[in-house]
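Visitor: Need a 3D model of the following:
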Amino acid sequence: MKIKITPSFRNKLKDQVEYIAKDKPGAARKFKSDILKQLSAISEMPYLARKSIFFDRDDIRDLIFKGYVIVYKINEKEDAIEIFGFTKYEDNPFNR
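Guide: Numbering: from 1, shown residues only. Modelled structure (predicted):
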């Protein structure tokens, strides 16, 4: 499956990496690299991650990475995975 990263995910990840880089630039680079490796791995087994706690749908999944929740949607018709959510400590990050 092809991985599609939305601008909203990209912006939230960028903000978090910049925040980490203020104290530890090397850790920020590693964090970003590790997260991108995890995202590429989900293309092999997209349903391995848990069903999302934010949405009541089987095609939306939550990948847990170092306490962060990465939310993605599996689109079987387009053979694609859309990465759209990135959150930690937010009660309602998607304003349902």
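Visitor: Strands along this structure, start to end?
Guide: For the chain, strands defined by DSSP state E occupy the ranges 2-5, 50-51, 60-65, 68-75, 80-87.
Visitor: Buried by neighbour count: which residues of stretch 16-25 qualify?
Guide: In terms of neighbour count (16 or more other Cβ atoms under 10 Å), stretch 16-25 has its buried residues at Gln16, Val17, Ile20. For glycine as for every other residue, the C-beta is placed from the backbone atoms N, C-alpha and C.
Visitor: Compute the inter-axis angle for whichever helix in the chain runs longest and strand 80-87.
Guide: What stands out as the longest helix in the chain, according to DSSP state H, is helix 25-41. Between helix 25-41 and strand 80-87, the angle comes out at 140 degrees (axes from the mean of the first three to the mean of the last three Cα atoms, to 10 degrees).
Visitor: Which of the buried residues of stretch 16-25 fall within helices?
Guide: Gln16, Val17, Ile20.
Visitor: From Ser43, how far out is the most centrally placed residue in the chain?
Guide: Centroid-nearest residue in the chain, with Cα atoms, centre = their mean: Ile70, separated by 2.7 Å. Using Cβ to Cβ, to the nearest Å, one obtains 13 Å as the distance from Ile70 to Ser43.
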